[in-house]
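Chemist: Take a look and give me a structure for this.
(one chain, ligands or ions: 1)
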Amino acid sequence: MSRNTELFERAQRVIPGGVNSPVRAFRAVGGTPRFIQRAQGAYIFDADGKRYIDYIGSWGPMILGHGHPEVVEAVQRAVLEGFSYGAPTEREIELAEEILKLVPSAEQVRLVSSGTEAAMTAIRLARGATGRSKLIKFEGCYHGHADALLVKAGSGLATFGFPTSAGVPAEVVQHTLVLPYNDVAALEAAFAAHGAEIACVMVEPIAGNMNFVRASLPFVQAMRRLCTQHGALLVFDEVMSGFRVALGSAQSIYAKALPGFAPDVSVFGKVIGGGMPLAAFAGSKEVMGKLAPLGPVYQAGTLSGNPVATACGLATLKLIQRPGFFEALTARTRELVEGLTGAARAAGVPMVGDCEGGMFGFFFPKPEQDFSAHPGGLPQNYTEVMATDGPRFNAFFHGMLDRGVYLAPALYEAGFVSAAHTAGDIAATVAAAGEALRG
Ligand code: PMP
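Modeler: A predicted model of the protein is given here:
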């Protein structure tokens, strides 16, 4: 029996499903999850000692690759000074200053420990700041597992959603309106029906939880215009896209295309912690001033601003600002996506892909799916992504895993390239893809 199988059996006895976060269980693709023993650079090593080229990177944080020496040193230094104090530290200020320098839409930021916590609090803040209850989210966007956000679309445009999890009472999601992504007409209709009650629109500007789908420019423009018109806050959930698709995050890309564009509140995680539990939400002084201890919106955390996590995040944010960092990461990621789609073309398998900075996605369209008239020739929303070829994705995933390439184990997840991935790693991945697609 392989050590992975042995560990999975043992894990299932003491941990529900054997995992501490569901997607790790390989339920979507089948098979035995790999238990990871260590990681270095672009590679992870499983309990059987097998090496994989890692395109998950802890689902986004490991933008420098695993175990970057300067980050390791910063963490080691911090650990020696103490794990946690429950009192303010200078490093929290430094990290806040660094984030705000890179994200000019925000004036103040609060640090928390997970993306879930950050998104949940951003909504409480939007509700507290506007005195309204309703919020709009989009199908296929994930914002963590706060009760009000575990919602799927109801039937009909202006219908409020249904809980997607047991344990979430319908009353808790009755204020959450779920709309299709990239659908300007649906958004306009929702604001026409409920405009005066909407506290915020929350969106992943480049969505990484329905594979990789960009918000179109008209969609971003409409969100901004309607929020401003109706006094709602536009909340960009950049937990995944933040400091990952560009140094200034996805909002900097939209601000380039739409001069003056800015969200009201931003949510960050993943890269800002460099692999440690750290997330944040940020906004104007006026909005952030509503938070305790200054204002009436309560939020707190025993480990918020943790000194070891902030050391890791700070070192990571400093390194990604080195000249040429994002240009090189972008080029490498593009090389991968072009390589994969090229390998598919050579194998006669339909595949489309997209990327931005160090984040990417690829899809296997079914024969009846024609994306050629779509922007970029790509799926534009959750329904289209979920209608792509699941069995083909699963076979590809396992074909790649067998060949030492670790992709996200579900067709609705994005992938991540790090600065540690070499041209050789990409070439090896593309060669493996050629074999897996023909196999
Ligand atoms: N928002 C987005 C966009 C995410 O991708 C995630 C996690 N993948 C979260 C929020 C939740 O973050 P966490 O898992 O740290 O709670």
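Chemist: Gly18: what's it in contact with?
Modeler: For Gly18, the contact set (CB atoms under 8 Å, 6 or more residues apart in numbering) comprises 8, 11-12, 25, 33. Glycine gets a C-beta too; all of them are placed from N, C-alpha and C.
Chemist: Try it again at 7 Å.
Modeler: Counting by CB atoms under 7 Å, 6 or more residues apart in numbering, Gly18 touches 8, 11-12, 25.
Chemist: mind checking pLDDT for Gly439?
Modeler: On pLDDT, Gly439 comes in at 79.
Chemist: Next one: the residue of the chain found nearest the ligand relative to Phe243, how far apart?
Modeler: Nearest residue of the chain to the ligand, counting by CB to the nearest ligand atom: Gly115, 2.1 Å away. Here the criterion is CB to CB, to the nearest Å. By it, Gly115 lies 13 Å from Phe243.
Chemist: returning to what we had before: backbone dihedrals for the residue of the chain closest to the ligand, please?
Modeler: Per-residue torsions, Gly115: phi -60, psi -40 (degrees, to the nearest 10).
Chemist: next one: the one 4 residues further on
Modeler: According to degrees, to the nearest 10, the main-chain angles of Ala119 amount to phi -70, psi -40.
Chemist: Next: Tyr406.
Modeler: The phi/psi pair for Tyr406 (degrees, to the nearest 10) is phi -100, psi 100.
Chemist: That one bridge partners, please.
Modeler: Beta-bridge pairing of Tyr406 under DSSP bridges involves Asp54.
Chemist: pretty sure it is touching Asp54, no?
Modeler: Yes: using CB atoms under 7 Å as the test, Tyr406 is close enough to Asp54 to be in contact (5.1 Å).
Chemist: Common neighbours of the two, please.
Modeler: Ile44.
Chemist: So those two - more neighbours on which side?
Modeler: Asp54 (28 against 22; other CB atoms under 10 Å).
Chemist: Just list the residues touching that one, thanks.
Modeler: Counted by CB under 7 Å, 6+ apart, Asp54 has contacts 39, 42-44, 406.
Chemist: residues in contact with the longest helix along the chain?
Modeler: Secondary structure of the chain per DSSP state H: the longest helix is helix 325-347. With contacts defined as CB under 7 Å, 6+ apart, helix 325-347 is touched by 246-247, 351-355, 357-358, 360, 362, 417, 419, 421, 426, 429-430, 433-434, 437-438.
Chemist: if you set the cut-off to 6 Å instead, what comes out?
Modeler: Residues outside helix 325-347 that contact it (CB atoms under 6 Å, 6 or more residues apart in numbering): 247, 351, 353, 355, 357-358, 360, 362, 417, 419, 421, 426, 430, 433-434, 437-438.
Chemist: Mark which of these are buried, thanks.
Modeler: 351, 353, 355, 357-358, 360, 362, 417, 419, 421, 426, 430, 433-434, 437 (16 or more other CB atoms under 10 Å).
Chemist: Narrow these to those in strands?
Modeler: 353, 355, 360, 362 (DSSP state E).
Chemist: Quick check: of the residues you listed, which lies closest to Gly86?
Modeler: Phe360 (39.6 Å; CB to CB).
Chemist: Considering helices and strands only, name the one in the protein with the lowest mean pLDDT.
Modeler: None of the helices or strands of the chain scores lower by mean pLDDT, DSSP states H and E than strand 162-163, at a mean of 88.
Chemist: For that strand, which strands pair with it and how are they oriented?
Modeler: Partners of strand 162-163 in the sheet, by DSSP bridges, are strand 151-152 (antiparallel).
Chemist: Check the offset of the strand it pairs with from the chain's centre.
Modeler: 18 Å (CA atoms, centre = their mean, to the nearest Å).
Chemist: repeat for stretch 45-56
Modeler: Remark: stretch 45-56 is offset 22 Å from the chain centroid, using CA atoms, centre = their mean.
Chemist: and the end-to-end length of stretch 52-65?
Modeler: 13 Å (CA to CA, to the nearest Å).
Chemist: Give the burial count for Ile93, as a bare number.
Modeler: With other CB under 10 Å as criterion, Ile93 counts 12.
Chemist: ok, it to Ser105 distance?
Modeler: Ile93 is 20 Å from Ser105, by CB to CB.
Chemist: Could you list the contact residues of the stretch 151-300 of the chain toward the ligand?
Modeler: Contact residues, the stretch 151-300 of the chain versus the ligand (CB under 6 Å from any ligand atom): 204, 208-209, 237, 239-240, 269, 279.
Chemist: Looking at those, which are in strands?
Modeler: 237, 279.
Chemist: Most neighbours among the residues of the stretch 151-300 of the chain next to the ligand, which one is it?
Modeler: Asp237 (32 neighbours).
Chemist: returning to what we had before: quick one: which of the buried ones among the contacts of helix 325-347 is nearest to Met400?
Modeler: Ala433 (6.8 Å).
Chemist: Pull the contacting residues for the closest one.
Modeler: 340, 343.
Chemist: what helix or strand does Phe8 sit in?
Modeler: helix 3-14 (DSSP states H and E).
Chemist: And Val220, by the same measure?
Modeler: Assigned by DSSP H and E, Val220 falls in helix 217-230.
Chemist: Now that helix: buried residues?
Modeler: So for helix 217-230, counting by 16+ other CB under 10 Å, buried means 219-224, 226-227, 230.
Chemist: that older thread, please compute how far the helix or strand just after the helix holding Phe8 lies from its chain's middle.
Modeler: Per DSSP H and E, the first helix or strand lying C-terminal to helix 3-14 is strand 36-40. Computed by CA atoms, centre = their mean, the separation of strand 36-40 from the middle of its chain amounts to 22 Å.
Chemist: Extract the CA atoms of strand 36-40 and return them as CSV.
Modeler: The C-alpha atoms that make up strand 36-40 are tabulated as CSV, following Å, rounded to 0.1, in the frame of the first residue of the first chain:
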residue,chain,number,x,y,z
ILE,A,36,2.6,16.5,1.2
GLN,A,37,5.7,16.1,3.2
ARG,A,38,7.7,19.1,2.1
ALA,A,39,8.0,21.7,-0.6
GLN,A,40,10.9,23.6,-2.2
